[in-house]
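Enquirer: sequence isn't available, so here's the structure alone:
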């Protein structure tokens with residue numbers, strides 16, 4: 001099969017982070033459009049992207065892009081696409097999607113027409129009138145934005161934020177993909193201490209530990225495309241084996257998570273065991289006001305509580321003031337804090353060196369970045385400069 005056109009989807013605000021990850025995997029010529037990061041690759045690229053992308057939501061095969069302002073145009077354009085290259089005759093192929101600012105705005109009608117067009121195409125190839133849909137799943141997804149149709153096949157199945165380790169529910173969790181983006185934006189590296197003083201069920205420290213171990217985030221889960229006959233089993237075997245071989249033993253890495261709630265810490269420890277990082281991270285019940293460390297030049301990456309109701313807002317503002325006082329004791333540390341409150345800096349008592357808009361679970365948030373001093377260069381580093 002010739003080069004395949006692919007795209008990864010991402011939450012608004014972290015597209016550049018996903019593009020950086022894709023390039024790191026060896027797939028260049030990326031470009032971004034409306035939350036999609038486009039790139040090209042072979043069958044192995046589908047496996048590697050699903051397995052290794054820490055910040056992407058899903059990986060799709062791009063089937064086609066075109067303009068449609070009538071249902072007839074939509075039907076004919078979809079029917080013209082080479083569905084037989086991917087869908088075997090027994091494939092299950094549900095159709096989902098959305099429309100915005102377009103002439104065609106009925107999602108249900110578009111779903112029906114796209115499904116019918118695919119069936120009509122496959123009828124001519126497989127000489128069947130009825131398709132059983134008893135085989136592997138190929139989820140067809142469409143978006144129609146300003147009359148431009150993008151139609152694709154989702155290779156991931158469940159969203160890539162579902163790593164397989166977080167099975168216990170905790171209030172207001174942050175997605176693993178957003179957590180990884182926060183860590184990558186911070187430029188934290190395993191040689192520097194890391195603390196999350198509001199760790200909840202442990203997502204930020206666990207994702208940091210996975211990075212420190214160089215463990216592929218998708219190694220403990222499955223993807224829809226693993227069942228596809230289009231991708232030979234030996235490609236998956238090779239990709240998975242390589243990922244397991246690349247896991248690094250970790251020594252002298254300081255990753256800690258604190259939370260005032262003992263139940264949260266119990267969940268965090270359980271999730272760390274599920275993720276295979278329980279020897280790398282340390283969790284404890286601790287109030288943020290008691291934060292301290294004998295280490296220097298560390299990182300705090302955290303997601304403190306934020307609420308819009310009056311009582312919550314007042315309580316949170318007091319918390320932010322206390323955070324500012326407590327963090328000032330860590331005078332060589334850098335702080336990276338995601339929060340929905342536009343006045344966070346006012347109560348924290350310091351203006352952020354950098355601020356970035358991110359969408360956490362669809363909510364507009366601000367990623368406040370407070371830079372600490374750089375650690376002094378070691379002698380061997382100076383010699384290499």
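Expert: All right, it came through fine. This structure is a prediction, so every number in the text was calculated from the model and none was measured.

Enquirer: for residue 283, helix, strand, or coil?
Expert: Three-state assignment for residue 283 (DSSP: H, G, I helix; E, B strand; the rest coil): strand.

Enquirer: which residues touch it?
Expert: By CB atoms under 8 Å, 6 or more residues apart in numbering, residue 283 lies in contact with 199, 202, 205, 256-259, 265, 268-269, 272. Heads up, the C-betas are built off the backbone N, CA and C, glycines and all.

Enquirer: tell me the domain ranges of the chain?
Expert: With domains defined by automatic domain parsing, the chain comprises 4-154, 176-219+227-245+252-383.

Enquirer: can you redo these as TSV with mean pLDDT and distance to residue 160?
Expert: Converted to TSV, the domains of the chain look like this (pLDDT from 0 to 100; distance: least, CB to CB, whole Å):
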stretch	mean pLDDT	distance to residue 160
domain 4-154	97	6
domain 176-219+227-245+252-383	94	6
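
Enquirer: could I get those in a markdown table, plus columns for distance to residue 167?
Expert: What follows is the domains of the chain, written out as a markdown table (distance: least, CB to CB, whole Å):
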| stretch | distance to residue 167 |
| --- | --- |
| domain 4-154 | 19 |
| domain 176-219+227-245+252-383 | 7 |
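
Enquirer: count of neighbours near the residue lying closest to residue 246 once chain neighbours are set aside?
Expert: Excluding the flanking residues, the one nearest residue 246 by CB to CB, 6 or more residues apart in numbering is residue 214, at 5.5 Å. A total of 13 residues lie near residue 214 under the criterion other CB atoms under 10 Å.

Enquirer: mind listing what residue 214 touches?
Expert: Shown in contact with residue 214 (CB under 8 Å, 6+ apart): 246-248.

Enquirer: pull up the distance across stretch 84-98, start to finish.
Expert: Distance across stretch 84-98, first residue to last, is 24 Å (CA to CA, to the nearest Å).

Enquirer: for residue 203, give me its contacts.
Expert: 166, 173-176, 179, 271.

Enquirer: which SSE is the closest residue to it other than its chain neighbours in?
Expert: Nearest non-adjacent residue to residue 203, counting by CB to CB, 6+ apart: residue 179, 4.9 Å away. Here residue 179 sits within helix 176-186, counting by DSSP states H and E.

Enquirer: from the chain's centre, how far out does that helix sit?
Expert: 8 Å (CA atoms, centre = their mean, to the nearest Å).

Enquirer: wait, a helix at residue 256?
Expert: No - using three-state DSSP, the assignment for residue 256 is strand, not a helix.

Enquirer: residues near it, how many?
Expert: The burial count for residue 256: 21, using other CB under 10 Å.

Enquirer: residue contacts, it?
Expert: The contact partners of residue 256, by CB under 8 Å, 6+ apart, come to 193-196, 205, 281-284.

Enquirer: specify the beta-bridge partners of it.
Expert: With DSSP bridges as the criterion, the beta-bridge partners of residue 256 are residue 195, residue 282.

Enquirer: for the top strand by length along the chain, which helices and strands make contact with it?
Expert: Counting residues, the longest strand in the chain under DSSP state E turns out to be strand 58-67. Under the contact definition 3 or more CB pairs under 8 Å, 6 or more residues apart in numbering; DSSP states H and E, strand 58-67 sits against strand 4-9, helix 43-52, helix 71-79, strand 148-154.

Enquirer: including mean neighbour count, could those go into CSV?
Expert: What follows is the helices and strands packed on strand 58-67, written out as CSV (neighbours: other CB atoms under 10 Å):
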stretch, mean neighbour count
strand 4-9, 22
helix 43-52, 22
helix 71-79, 17
strand 148-154, 22
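
Enquirer: so which of those comes closest to residue 233?
Expert: Proximity to residue 233 (CB to CB) singles out helix 43-52 among these, at 10.8 Å.

Enquirer: does the closest residue to residue 28 other than its chain neighbours fall in a helix, a strand, or a coil region?
Expert: Sequence neighbours aside, residue 39 is the residue nearest to residue 28 in space, at 7.6 Å (criterion: CB to CB, 6+ apart). Three-state assignment for residue 39 (three-state DSSP): strand.
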